[in-house]
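Participant: Predicted coordinates and the sequence they were generated for:
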Protein chains: 2
Amino acid sequence: MFFSKSFGYALRGILYIALLQDEQRKIQIDEIAQKLSVPRHFLGKIMQGVVKAGLLQSTKGPYGGFSMNETTLTTPLIKLVEITDGLDQFNICVLQLRNCNAVNPCPLHQEMEGIKTKLLLMFNQTTIVDLLNDNKKVFIKSLATQ
Amino acid sequence: MFFSKSFGYALRGILYIALLQDEQRKIQIDEIAQKLSVPRHFLGKIMQGVVKAGLLQSTKGPYGGFSMNETTLTTPLIKLVEITDGLDQFNICVLQLRNCNAVNPCPLHQEMEGIKTKLLLMFNQTTIVDLLNDNKKVFIKSLATQ
DNA sequence: TGATTAAAAGACATCCGCATCTTTTATGGC
DNA sequence: GCCATAAAAGATGCGGATGTCTTTTAATCA
């Protein structure tokens, strides 16, 4: 619902890396994919995009892998949606009308706008670190629950 | 956003038929597709599903076409979502976790549940006839706006 | 420098939403 | 019964999301 698999996988990948940060090591895509029960190569592509967008850091070679950077924890979720799914979707009318807007609204415009605003507000205000307040061990386990 | 093109096309098709009901005639798929600027054959498939689900009536042959039945106007929008998109989507976790629920929630479960509930409530309470309260001519025009 | 390691990148494969076109079936008028 | 009409149904194609596999690039260490 709402977002793609890419978004869900990316968020879980970032959360997994963030949770292991204290171990001061790079996390490899093989480990992430295995722990989250997510397709390895597909996740690789997705994380590649996340790195390219500057939300994470990665290095190749021995002892390489993915790690956080200074922006990771304070990134709002909407930024991740932008990377994985794009933001165009928020401007599509449920009736698939091109010219649907406040001036020329479809019969569901007002109601959908209210829900969309609530969703956007939450995704703008919530950051990665906001999602890390639970018991870490339980949380790691829940991330892998498939 | 939220729903498929099929849903949007189906809803506009039903609304178009409902708006012309007073003319006491069957509306043909060619006319609907043309007026709504929607692919004719694709819309045909979609309306076929709507008829099969009992939300509309249709007859073949000369003077045939689509028309409302006794249930059309009082159908809640969620029923149309069920026909075109299915209701499974409402049970998919944004993090793509299979076992995400109130007992074992992902870190976004609570927030997403709130938004989902609001959307479901609106789609359960709103019926086709609820969408027909505007000026009809303006509304027909807006339906075709592409 | 050479070997090893791990991400980056590219080539495919699959499935589904979306769309088009053709054939079949049912209905009404003659 | 025959013809015309319009929906139903089937075949096919396209593109994007998802997923797999192979090759290339970069980093570390000996």
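Facilitator: Right, received. Where do you want to start? Numbers count the residues shown, from 1 in each chain, chains lettered A, B, ... in the order given.
Participant: from here on, contacts and neighbour counts on C-alpha atoms
Facilitator: Will do.
Participant: Residues of chain A that sit close to DNA strand C?
Facilitator: Residues of chain A lying near DNA strand C by Cα under 7 Å from any atom of the strand: A:27-30, A:41, A:44-45, A:47-48, A:51, A:58-66.
Participant: Next to chain B, which bits of chain A? Give me the list.
Facilitator: A:1-5, A:7-9, A:11-12, A:89-99, A:104-108, A:111, A:115, A:118-119, A:122, A:131-132, A:142-146 (Cα under 8 Å from any Cα of the partner chain).
Participant: What sits closest to residue A:71 if chain neighbours are left out?
Facilitator: residue A:55 (6.2 Å; Cα to Cα, 6 or more residues apart in numbering or on different chains).
Participant: what does residue A:51 give?
Facilitator: Distances taken as Cα to Cα, 6+ apart put residue A:57 closest to residue A:51, at 5.7 Å, once the chain neighbours are dropped.
Participant: Contact partners for the one you found?
Facilitator: A:51, A:66-69 (Cα atoms under 8 Å, 6 or more residues apart in numbering or on different chains).
Participant: mind listing what residue A:7 touches?
Facilitator: A:80-81, A:84-85, B:94-95.
Participant: Take the residues of chain A next to DNA strand C and keep only those in strands.
Facilitator: Counting by DSSP state E, these place A:58-59, A:65-66 in strands.
Participant: For chain A, which segments count as strands?
Facilitator: Using DSSP E, strands in chain A cover A:56-59, A:65-68.
Participant: From the contact counts, what lies against the longest helix along chain A?
Facilitator: When chain A is parsed with DSSP state H, its longest helix is helix A:109-125. If you count contacts as 3 or more Cα pairs under 8 Å, 6 or more residues apart in numbering or on different chains; DSSP states H and E, helix A:109-125 packs onto helix A:77-84, helix B:109-125.
Participant: Need the winner for burial among these.
Facilitator: helix A:77-84 (a mean of 19; mean count of other Cα atoms under 10 Å in any protein chain shown).
Participant: TSV please, covering the helices and strands packed on helix A:109-125 and showing mean pLDDT.
Facilitator: Shown next, in TSV, are the helices and strands packed on helix A:109-125 (pLDDT from 0 to 100):
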stretch	mean pLDDT
helix A:77-84	98
helix B:109-125	96
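Participant: Of the ones you listed, which is nearest DNA strand D?
Facilitator: helix A:77-84 (7.6 Å; Cα to the nearest atom of the strand).
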